[in-house]
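Undergrad: just need the structure, nothing else, for what follows:
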Amino acid sequence: MVLKPTISSKKLLLITGMPGAGKSTIAERTRALGFDVIIMGDRIREETASRGLSISDMNCGRVMEEIREELGSSVIAKLSIPKILAAKKNLIAIDGVRSIAEVEEFKRSFPTTRLLAVIASPQRRYDLIRSRSREDKPSDEAAFKSRDERELRVGVGEVISIAEEVLLNDVITLEKLKAEVVAITQRVFQP
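TA: As a prediction, this is how the structure comes out:
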C-alpha cells in the first residue's frame, strides 16, 4: 500500500534573500540532496504571462505588486501550496520567500518549516544577477536598484531579519556554498 503524503509530512526549507544573492543556486543544491524545489517567482511569471504581458523585470514587478495588493501579502505562498502538496518528495525547498505573511502561511500549513536567508553585497548580487540567462533580469544598474527597492517594499528585508539560518555569499566559493547547504539541511532535517 502506498500512502499519500500529508501536509504534516512535508518539510520546508524557505529560502529568502535579495535579488541575485544566490537563492536559486542554493535551491538547485537542495535538489541534488533530494528536495523538490518550488520557485515562487514562477507563480509571478505565470500570472504575468496569463495577462498577456512579456516576461520582463518591469512587468513581473508590477504584477507582483498588483496581486499582493489585490489578494494579500501571502498570495504567492497560497498559490504555491498546491504545488507543494503535489510534489513527490517530502523535503521541499521554496525559492523566493518575500514577506512575513508568506512565512506565516507556510509555517501554519507545514509544521516543519525552516527559514534560510542568503546574504550578499549589492555589488556581488549585481554581478551574479547580470550573469543570469533569465528574461526578467534587470537591464542595468538603475533597474537593479529599482528592483531592490521593490523587494524591500514587499518585505524581503523583514523576512531576512527573522531567518533561523543565514548563509553569507559574498566571498564564498561555489563549492563552499554547496557544502554549507549540505550542513544546514543535515542539521535541520536529519535528526
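Undergrad: helix, strand or coil for residue 34?
TA: coil (DSSP: H, G, I helix; E, B strand; the rest coil).
Undergrad: what of residue 116?
TA: Secondary structure for residue 116, judged by three-state DSSP, is strand.
Undergrad: which residue packs closest to it, ignoring adjacent ones?
TA: In space, and not counting its chain neighbours, residue 116 is closest to residue 165: 4.3 Å by C-beta to C-beta, 6 or more residues apart in numbering. Where C-beta positions appear, they are placed from N, C-alpha and C, glycine not excepted.
Undergrad: so who does the one you found touch?
TA: 114, 115, 116, 117, 184, 188 (C-beta atoms under 8 Å, 6 or more residues apart in numbering).
Undergrad: with residue 166 instead?
TA: Per C-beta under 8 Å, 6+ apart, neighbours of residue 166: 116, 117, 118, 119.
Undergrad: between the residues you listed, which sits nearest residue 161?
TA: residue 117 (8.2 Å; C-beta to C-beta).
Undergrad: how about that closest one: what's its closest non-neighbour residue?
TA: That would be residue 163: by C-beta to C-beta, 6+ apart, it lies 3.5 Å from residue 117.
Undergrad: try residue 61
TA: Nearest to residue 61 is residue 150, by C-beta to C-beta, 6+ apart, at 5.1 Å.
Undergrad: spell out which helix or strand contains that neighbour, please.
TA: helix 141-154 (DSSP states H and E).
Undergrad: show me what that helix is packed up against.
TA: When contacts are defined as 3 or more C-beta pairs under 8 Å, 6 or more residues apart in numbering; DSSP states H and E, helix 141-154 sits against helix 57-71, helix 122-130.
Undergrad: what ranges does the protein have for its strands?
TA: Along the chain, the segments classed as strands by DSSP state E run 11-17, 36-39, 91-95, 112-119, 165-168.
Undergrad: what's the mean pLDDT across the first one?
TA: Taken as a whole, strand 11-17 has a mean pLDDT of 97.
Undergrad: if anything else comes up later, I'll come back, but that's it for now.
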